[in-house]
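K.L.:
Okay, sequence plus prediction incoming.
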Amino acid sequence: MMGPPRVLLACTDPDSRRALSSLLDQCGLKTVVSSSVRESRRILARGGVAMVFCEARLADGSFREVLHEAAAPEQKVPVVVASRLDDTNEYLEAMRLGAYDFITSPYRRSEVEWIVHNALHDAGVAA
C-alpha cells in the first residue's frame, strides 16, 4: 500500500504552518514541512511529492524559486501559493508563473479541500 499523497508545505510563519498543516492532514495528505527554498528543493529532488503549498515569502527566497523547481519537467507538481496578504499583483504573478492556485489567510477548510481535490485529480494522483 502506497499511503496518503505527500504534500510539501513550504512555510516560515508558525501560525500559517499550523493552520495549513492541520487542514492538509484533514484532507488525508501526509504533510512534509520546509521553511526555506533550499530545503524545499531538496525535498522535491527526492521525489514523491504530489503537490506543494508554498508561502509567498520564505526564509531564503519566495514562492518563485519553489514554483520554478516544481515546474521542472521531471517534477510537474502543482503549486498553491499561500499568502497572509490579499495582494493582487502577487496573485497575478503567481498565476503567470504557473501556480495552480493562490489562497489567502484565513485559510478555510472548504477552499483547501477543493483545491487539493482538483489539483490531485488534474495531476492524476489518487487522494
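P.N.:
Yep, that arrived.

K.L.:
For the rest of this, base every contact and every neighbour count on C-alpha atoms.
P.N.:
OK.

K.L.:
Backbone dihedrals for G47, please?
P.N.:
For G47, the backbone dihedrals (degrees, to the nearest 10) come out as phi 80, psi 180.

K.L.:
what about L120, neighbour count?
P.N.:
Using other C-alpha atoms under 10 Å, L120 has 17 other residues around it.

K.L.:
I figured it was touching A126, is that so?
P.N.:
Yes. Counting by C-alpha atoms under 8 Å, L120 does reach A126; the two are 6.7 Å apart.

K.L.:
Low-confidence stretches in this structure?
P.N.:
1, 127 (pLDDT under 70).

K.L.:
which stretch of helix or strand covers the one residue sitting closest to the centre of it?
P.N.:
The residue lying closest to the centre of the chain (C-alpha atoms, centre = their mean) is F53, at 1.3 Å. Here F53, judged by DSSP states H and E, is contained in strand 49-55.

K.L.:
which residues touch the residue nearest to the centre of the chain?
P.N.:
F53 is in contact with V7, L8, L9, A10, V79, V80, V81, A82, counting by C-alpha atoms under 8 Å, 6 or more residues apart in numbering.

K.L.:
can you do 10 Å?
P.N.:
By C-alpha atoms under 10 Å, 6 or more residues apart in numbering, the residues touching F53 are 7-11, 20-21, 24, 31, 33, 63, 66-67, 78-82, 99-103, 116.

K.L.:
Surely F63 is in contact with A56?
P.N.:
Yes. Contact criterion C-alpha atoms under 10 Å: F63 and A56 qualify, at 5.0 Å.

K.L.:
what residues do these two have in common as contacts?
P.N.:
Shared contacts of F63 and A56, counting by C-alpha under 10 Å, 6+ apart, come down to A10, C11, V80, V81, A82, S83, A94.
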